[in-house]
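# Need the 3D shape of this:
(2 chains)
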Amino acid sequence: MSAPALLELADDELILGWRDSEWTGIAPSLEEDVAFSSIAQNEIGHARALYELAARELGTTADELAFDRDPSEYRSAPLVEQRRLEWAHTIARHYLYETADEIRLAALKQADDADVAGLAAKMDREEQYHRLHARMWNERLRDEPRYQEALRELWPLALGVLAPEQRAELAGRVGFEPVDAVERDRQSEELRELWEEMTMVRRSVPGATW
Amino acid sequence: MDDQAFLDYVQAGGQVETGDSMPADYRAKLVKFIEMHGNSELMGVLPEREWILRAPTLQRKLALTAKVQDEVGHSQLIYRVVEDLGKPREQCLADLISGKAKFHNVFHYPTKTWGDVGVIAWLVDAAAIISQKALLRCSYAPYARIMKKICWEESFHILHGRDVILTMMNGTDEQRELVQEALNRWWGPLMQFHGNPIPKEDDPMYVWRIKSQGNEEARQQFLDGYVPQIWELGLTVPDAKLRKRDDGVWEYSEPDWDELKHVVTGHGPKTQERLAFRRKFLEQEAWVRSVVLAEAA
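A predicted model of the protein is given here:
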């Protein structure tokens, strides 16, 4: 698998992990606080493992890939970049992303590259718990108008997580009609703001060890 | 067992379980003490929370997220103990955000730099673990039992904090400066942390053997354990009077007890902002709790 393809996946996991960690301390219940923190740690752990694979090919390190690129170089999907510190959108994103990610990981588990296939299998073992959690919340909230609205709003962005040939399957799984996807090629203002914050300490003393 | 017999029992090292009969005053003191501990774990999340987003490496990000998650988990465990004593978690949270209930002084202060993040994880958690280890012998057995898990996890936080500090002290002059400035900021609150030096026999929490040591004993233990390490790293403790006497007792400048009182009664530099932040999210997500409660009904 090529480094750019690995980076797409790694950036998705990193940025989503960063967003999920924003719930620490303020989730609607202590149980969800702990749950979202675990999910965030898993996603960031996956990002790190993926960056390490890409870093071998690119001759750099996982931290340099995660922090030291210009925001315009990140390849994350607009779905994960959105800053929505509000439960209906958080759960809608969680449900849509985990459903899409399952389709993506199933394909990666069949990859010719043994490192990639092995990592995808390992990630999938953790992601299945995220899916259980996301489905539980989707069941709980599905009759809530604000949740339905959040799903509708995020649907075109969710399609953009996957390659075009995988999108019909996602539409089938979540029961929505295919629409035009919001692709990865655009730079969101929210990613730039997140990047400013997440690299703030690191940029304060360039080249230092932390 | 009458109140005197109960007192004799706990003072002789006896422990009490949830279903045992206990004096009303003992129960009330337990609730007050344990609830404040739960509140402190939960409010302790906020000073570190914003730095989760700014952690400078993937490893630090993971470690800090895990540490803060532990604190939320501790508050969950602790509120459960309070719940068994008769005060529901919802009520604890309501009293916390209304400003009625207290939480530890150190969580009322701002976290200005990544240096503060290291000092909090290393020294604030070190001060806290000294109090918490003394609770392993608490006369209320359910509280003593959860303290085993809590102390175990806190000891990892100290290692994480020390590693953050050590890395910065081995780094550039700017990084060392960040640590020294953070230590200067936190030293006052750290010296106030264990409370004023009232004789333990006059401390109702000790009389009931909820705590097993006095405030000054805890502070001396902190100084003895950590000042040598602070010095060894090349840091200066911002107290010219600080020294260890030949008899092993640490001398120090009188901590600012007025500041302590002022801060824990809701007047710390970040108290109101943090309570407002918590209130905002409790209100914003109230609908989620209604959905969950309706489902459970």
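# When you work out contacts or count neighbours from here on, use the C-alpha atoms and nothing else.
Fine.
# Would you mind measuring the gap between the ends of stretch B:37-48?
One end of stretch B:37-48 sits 17 Å from the other (Cα to Cα, to the nearest Å).
# How about it and chain A, any contact?
Yes: Stretch B:37-48 reaches chain A (Cα under 8 Å from any Cα of the partner chain) through B:42, B:45-46.
# okay, whichever residue of the stretch 1-150 of chain B sits closest to chain A: pLDDT?
Among all residues of the stretch 1-150 of chain B, B:Arg54 sits closest to chain A, at 4.3 Å; criterion: Cα to the nearest Cα. For B:Arg54, the pLDDT comes out at 97.
# Tabulate the residues of stretch B:37-48 next to chain A in JSON lines, adding columns for pLDDT.
Output for the residues of stretch B:37-48 next to chain A, formatted as JSON lines (pLDDT from 0 to 100):
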{"residue": "B:Leu42", "pLDDT": "96"}
{"residue": "B:Val45", "pLDDT": "95"}
{"residue": "B:Leu46", "pLDDT": "95"}
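# Let's see which of the residues you listed end up in strands.
The members of the residues of stretch B:37-48 next to chain A all map outside strands under DSSP state E.
# which one of those residues sits closest to B:Lys211?
B:Lys211 lies nearest to B:Leu42 out of these, by Cα to Cα, at 20.8 Å.
# Please identify the helix or strand for B:Ser75.
According to DSSP states H and E, B:Ser75 maps onto helix B:58-84.
# which element follows that helix toward the C-terminus?
Remark: after helix B:58-84, the chain's next helix or strand is helix B:89-97, criterion DSSP H and E.
# List of residues touching the following helix or strand past that next one?
Once helix B:89-97 ends, the next helix or strand along the chain (criterion: DSSP H and E) is helix B:114-119. Residues outside helix B:114-119 that contact it (Cα atoms under 8 Å, 6 or more residues apart in numbering or on different chains) are A:201, B:48, B:51, B:55, B:111, B:161-162, B:164-165, B:175, B:178-183, B:186.
# The lengthiest helix in chain B near chain A at all?
For chain B, the longest helix by residue count, based on DSSP state H, is helix B:141-169. Yes: Helix B:141-169 lies within reach of chain A by Cα under 8 Å from any Cα, at B:164, B:167-168.
# Compute the inter-axis angle for the helix holding B:Ser75 and helix B:141-169.
Helix B:58-84 runs at 160 degrees relative to helix B:141-169, counting by axes from the mean of the first three to the mean of the last three Cα atoms, to 10 degrees.
# Show me where the stretch 151-297 of chain B has its helices.
Assigned by DSSP state H, counting those that start in this stretch, the stretch 151-297 of chain B shows helices spanning B:173-192, B:204-207, B:215-232, B:257-262, B:271-284, B:286-296.
# ok, now chain A?
For chain A, the helices defined by DSSP H occupy A:3-21, A:30-58, A:62-67, A:78-81, A:87-108, A:114-141, A:145-159, A:167-174, A:189-198, A:200-204.
# Packing partners of the shortest one?
So that's helix A:78-81. Packed against helix A:78-81, as judged by 3 or more Cα pairs under 8 Å, 6 or more residues apart in numbering or on different chains; DSSP states H and E, are the following elements: helix A:3-21, helix A:87-108, helix A:145-159.
# Pick the most buried one from the ones you listed.
The highest mean neighbour count among the helices and strands packed on helix A:78-81, using mean count of other Cα atoms under 10 Å in any protein chain shown, belongs to helix A:3-21: a mean of 23.
# Would you mind listing the outside residues contacting stretch B:72-84?
Here stretch B:72-84 makes contact (Cα under 8 Å, 6+ apart) with A:25, A:30-31, A:33-34, B:18, B:31, B:34-35, B:37-42, B:45, B:88-89, B:92, B:142-143, B:146, B:150.
# Pull out the buried positions in that stretch.
Buried residues in stretch B:72-84, counted by 16 or more other Cα atoms under 10 Å in any protein chain shown: B:72-83.
# Just name the closest of those to B:Asn105, please.
The closest of the buried residues of stretch B:72-84 to B:Asn105 turns out to be B:Ser75 (Cα to Cα; 16.7 Å).
# Work out for me the element the residue lying closest to the closest one once chain neighbours are set aside sits within.
What sits nearest to B:Ser75 in space, not counting adjacent residues and going by Cα to Cα, 6 or more residues apart in numbering or on different chains, is B:Gly38, at 4.5 Å. Per DSSP H and E, B:Gly38 falls inside helix B:24-43.
# how far out from the middle of the chain is that helix?
12 Å (Cα atoms, centre = their mean, to the nearest Å).
# Now do the same for the residue in chain A that chain B sits nearest to: its pLDDT.
At 4.3 Å from chain B, A:Met198 is the closest residue in chain A, using Cα to the nearest Cα. pLDDT for A:Met198: 96.
# Also A:Arg186?
Note for A:Arg186: predicted pLDDT of 76.
# Contact partners for it?
Taking Cα under 8 Å, 6+ apart as the criterion, A:Arg186 is in contact with A:Pro78.
# ok so, going back, state the mean pLDDT of the longest helix of chain B.
On average, helix B:141-169 scores 97.
# Run through the neighbouring helices and strands of it.
Short answer (3+ Cα pairs under 8 Å, 6+ apart): helix B:141-169 packs on helix B:58-84, helix B:114-119, helix B:125-134, helix B:173-192.
# Quick check: residues of chain A near chain B?
Counting by Cα under 8 Å from any Cα, the residues of chain A near chain B are A:18, A:21-22, A:24-31, A:33-34, A:37-38, A:41, A:44-45, A:48, A:63, A:66-67, A:86-87, A:140-141, A:197-202, A:205, A:208-210.
# which of the residues you listed are buried?
The neighbour count (16+ other Cα under 10 Å) marks A:18, A:21-22, A:24-30, A:33-34, A:37-38, A:41, A:44-45, A:48, A:63, A:66-67, A:87, A:141, A:197-202, A:210 as buried among those.
# Give me the contacts around the helix holding B:Gly38.
A:25, B:71-72, B:74-76, B:78-79, B:81-82, B:85, B:87, B:92-93, B:96, B:101-104, B:107, B:205, B:208, B:210, B:274.
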